[in-house]
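**Student:** Need the 3D shape of this:
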Amino acid sequence: MTPALGAMEILKERQKLESIVQTLADRAFNNMLDLPAEDKERLRLRVQERARDLLDDWAKVAQDYQNVGTGLQYNPMEAGGAKQLLYDYLSPEVKNLPPDKWQMKFRANWSLRDVEPEVNLFVKTLADEELEEEKV
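**Tutor:** All right, here's what the predicted structure looks like:
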């Protein structure tokens, strides 16, 4: 889903991303050590709800564009020829939209899109022997 036009892949990957929803919710729950258990559980449920909502809206946008033969990309400057999913936080295109418009959910600074490319990870034993990929 990383390439610019990979934004449309949400339609194929949405169900697989449910594990990410659970991971985020569990992380929120486990990192609030000073909260009572019932508050931690409410937080877990809130994170689940918000993450699912975001993924579902992303999938809806992608489906709507696909239905009319339009592609979806993260940013219009990346590949061209497709509608954008992400908007700069202070974009004039969205700053005056009502908060319930889907575009308001997909505002992000570039630092959230510009991430380092994948890197190789080499794992060695204490005897300085490289482990095979399937054993890592």
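
**Student:** for this structure, what are the low-confidence residue spans?
**Tutor:** By pLDDT under 70, the low-scoring segments of the chain are 110-119, 121, 133-136.

**Student:** what about 90?
**Tutor:** Applying pLDDT under 90 to the chain flags residues 1-5, 31-35, 74-81, 86-101, 104, 107-136.

**Student:** Walking through it, point out its helices one by one.
**Tutor:** Secondary structure of the chain (DSSP state H): helices at 10-13, 18-30, 37-67.

**Student:** do you know which of those helices lies nearest Lys95?
**Tutor:** Closest approach to Lys95 among these is made by helix 37-67 (19.0 Å; CB to CB). Yep, even glycine has a C-beta here, placed from its N, CA and C like the rest.

**Student:** ok, so what distance separates Asp26 from Gln15?
**Tutor:** Remark: distance between Asp26 and Gln15 (CB to CB, to the nearest Å) = 19 Å.

**Student:** Those two: which has the busier surroundings?
**Tutor:** Using other CB atoms under 10 Å as the criterion, Asp26 and Gln15 rank with Asp26 on top: 13 against 9.

**Student:** tally of neighbours for Lys101?
**Tutor:** When neighbours are counted by other CB under 10 Å, Lys101 comes out with 10.

**Student:** center of the chain - which residue?
**Tutor:** In the chain, the residue lying closest to the centroid (CA atoms, centre = their mean) is Leu55, at 7.4 Å.

**Student:** ok, it - contacts?
**Tutor:** Contact analysis of Leu55 by CB atoms under 8 Å, 6 or more residues apart in numbering lists Ile10, Arg14, Leu17, Val21.

**Student:** Which member of those residues is positioned nearest Arg50?
**Tutor:** Of all those, the one with the least separation from Arg50 (CB to CB) is Val21, at 9.2 Å.

**Student:** how much space between that closest one and Trp102?
**Tutor:** 18 Å.

**Student:** Equivalent analysis for Arg50, please.
**Tutor:** 14 Å.

**Student:** One more: Lys83?
**Tutor:** 11 Å.

**Student:** list residues touching both of the two?
**Tutor:** With CB under 8 Å, 6+ apart, Lys83 and Trp102 have no common neighbours.
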